[in-house]
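Asks: requesting a structural model of the entry that follows:
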Amino acid sequence: MNPPASTPGSELFLNEAKLDLIELNDRFVKKGDPPGRVWVIVRLWIASDGLPHARLEIEGRHSETRIMSVSALSDRRFYLPAPALRGL
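Replies: Alright, predicted model coming up:
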């Protein structure tokens, strides 16, 4: 059986729902990065391709940024949620 066809515009709602999975200031560790390097989400948006994207910066340094799709960021083979900051 084939999956039901989506209604026009429903992809946008699905992509917006993916944005609900992460928030600004969420912190991630990229596998293979040096210990202690944490990436922080500083911007979220739906790109022109209809996919949700995030801009990340290294915590405490704004010298390096990355832009990627939310689906890549949520792939546990590449990124893991960083431990919570103590004292917050």
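
Asks: where does this protein have low pLDDT?
Replies: The chain contains residues with pLDDT under 70 at 1-20, 86-88.

Asks: recalculate using a threshold of 90.
Replies: For the chain, the stretches flagged by pLDDT under 90 are 1-22, 49, 60-63, 83-88.

Asks: and the gap between the spatially most central residue of the chain and residue 35?
Replies: In the chain, the centroid-proximal residue (CA atoms, centre = their mean) is residue 70; its distance is 3.7 Å. Using CB to CB, to the nearest Å, residue 70 is found at 25 Å from residue 35. In this view, the C-beta of every residue, glycine as well, is placed from N, C-alpha and C.

Asks: about what we covered before: surely the residue nearest to the centre of the chain is in contact with residue 26?
Replies: No: taking contacts as CB atoms under 8 Å, residue 70 lies outside contact range of residue 26: 10.5 Å.

Asks: can you tell me which residues contact residue 53?
Replies: 44, 45, 46, 47, 67, 68, 69, 70 (CB atoms under 8 Å, 6 or more residues apart in numbering).

Asks: my read is the second one is in a helix, agree?
Replies: No: assigned with DSSP: H, G, I helix; E, B strand; the rest coil, residue 45 falls outside any helix and is strand.

Asks: spatially nearest residue to it, not counting backbone neighbours?
Replies: Of all residues not flanking residue 45 in the chain, residue 53 sits nearest, at 5.9 Å (CB to CB, 6 or more residues apart in numbering).

Asks: on that earlier part again, and the residue nearest to the centre of the chain, its phi and psi?
Replies: Dihedral angles of residue 70 (phi, psi; degrees, to the nearest 10) stand at phi -60, psi -30.

Asks: this completes my enquiry, with thanks.
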